[in-house]
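# Below is the sequence, then the predicted model.
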Amino acid sequence: MNRKFNPSSIAPPGGRYTHAIEVPPDGSTPEDIGGQTENCFRNIAAILADADMSLADVVKITVFLTNEDEIAGFRAARDRLIGEARPTSTLVVVSRLVRPEWRVEIEAVAAKA
């Protein structure tokens, strides 16, 4: 079910619209590295939100890629998604992940200041 967001901390919508709508993922795996990276960071952000944290609280990520030719695509998606957060990072190229269609896996460590 889609969730609508109209935070009370900002002005209400000026018309018949919602500021944001969260559409739950359908469980499919995107084929491209950018989409898979986005899914990973979306999942990490959801887990952090449950702990009252955000991607800004991430201090370390370990990334597993299955294709070294996709490093640049991964980095472009990562930089777009994490904004100004700059956690320490390790990137490892592996022969495969648990499911053959998975091309990236990200492990994150976060700490609340």
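Ah, there it is.
# all helices of this protein, in order?
33-50, 71-82 (DSSP state H).
# I'd like to know which of those helices lies nearest to Ala110.
Smallest distance to Ala110 across the helices of the chain (Cβ to Cβ): 5.8 Å, for helix 33-50. No exception for glycine: its C-beta is placed from N, CA and C like everyone else's.
# so for that closest one, what's the average pLDDT?
Mean pLDDT, helix 33-50: 91.
# angle of it against helix 71-82?
Here helix 33-50 points in a direction 30 degrees away from that of helix 71-82 (axes from the mean of the first three to the mean of the last three Cα atoms, to 10 degrees).
# which strands and helices sit next to helix 33-50?
strand 58-65, helix 71-82, strand 104-110 (3 or more Cβ pairs under 8 Å, 6 or more residues apart in numbering; DSSP states H and E).
# So which bits of it are buried?
Neighbour-count burial for helix 33-50 flags Ile33, Gly34, Gln36, Thr37, Glu38, Asn39, Cys40, Phe41, Ile44, Ala45, Leu48 (criterion: 16 or more other Cβ atoms under 10 Å).
# Now do the contacts for the third one.
Gln36 makes contacts with Thr29, Pro30, Trp102, Arg103, Val104, as judged by Cβ atoms under 8 Å, 6 or more residues apart in numbering.
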